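1. Quick one: sequence plus predicted model below, questions after.
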Amino acid sequence: MSGGVEWALHCCTLLSRASQPVPAVKLAEYHDVSPSYLAKQLQLMSRAGLVRSTQGNAGGYVLTRDAAAITVLDVVEAIDGVLPAFRCTEVRQRGPLATPAEQCADPCAIAKVMDSADRAWRDSLRAVTIADLVADADRQILPGAVERARAWLAS
């Protein structure tokens, strides 16, 4: 999984708290990350329909739907794509003792376990929303931190 996923998730949690659009440069400054790097992640999320940009003096990024309707998996797939992490290359059909292709109708044990793990991982990420992340973060942050963040973003 790329580092862009982490930045994108942090941006989504922050955008879910914002009362107005947040400029990309402000998001980058808040998270102390390169504006060009973060812009790439925001573009990917925009293409996936998770955020949209608004123009003008009050322009910036907003979530396209409620935080409870955006899953962690939505963000992961927006940034890293929808392909499984493991791609079987049929290693068993290679080398001097290769298994003939006609005897490889079923996936091998390795492909089966990796596919099962990928499905479990995706199911787990699909079960958590941005709103869930925000609620969990709210239990961990210092009193007044949310208000300070909102004020900083609005400045």
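-> In hand now; what should we look at?
2. Identify all contacting residues around the helix or strand where residue 116 lies.
-> Using DSSP states H and E, residue 116 falls within helix 109-126. Residues from elsewhere that reach helix 109-126, judged by C-beta atoms under 8 Å, 6 or more residues apart in numbering: 71-73, 76, 84-86, 88, 107. The C-beta positions use only the backbone N, C-alpha and C, and glycine is treated the same way.
3. Can you spell out which helices and strands pack onto the helix or strand of the chain with the lowest mean pLDDT?
-> Ranking every helix and strand in the chain by mean pLDDT, DSSP states H and E puts helix 145-154 at the bottom, with a mean of 82. Helix 145-154 is packed against helix 3-17, helix 24-31, with contacts defined by 3 or more C-beta pairs under 8 Å, 6 or more residues apart in numbering; DSSP states H and E.
4. As CSV, those with mean neighbour count and mean pLDDT would be great.
-> Formatted as CSV, these follow (neighbours: other C-beta atoms under 10 Å; pLDDT from 0 to 100):
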stretch, mean neighbour count, mean pLDDT
helix 3-17, 20, 94
helix 24-31, 17, 92
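5. JSON lines for the ones you listed, including distance to residue 130?
-> Formatted as JSON lines, these follow (distance: least, C-beta to C-beta, whole Å):
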{"stretch": "helix 3-17", "distance to residue 130": "5"}
{"stretch": "helix 24-31", "distance to residue 130": "15"}
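6. so which of the ones you listed gets nearest residue 51?
-> helix 3-17 (6.7 Å; C-beta to C-beta).
7. so how far is that closest one off the chain centroid?
-> How far helix 3-17 lies from its chain's middle: 8 Å, per C-alpha atoms, centre = their mean, to the nearest Å.
8. This completes my enquiry, with thanks.
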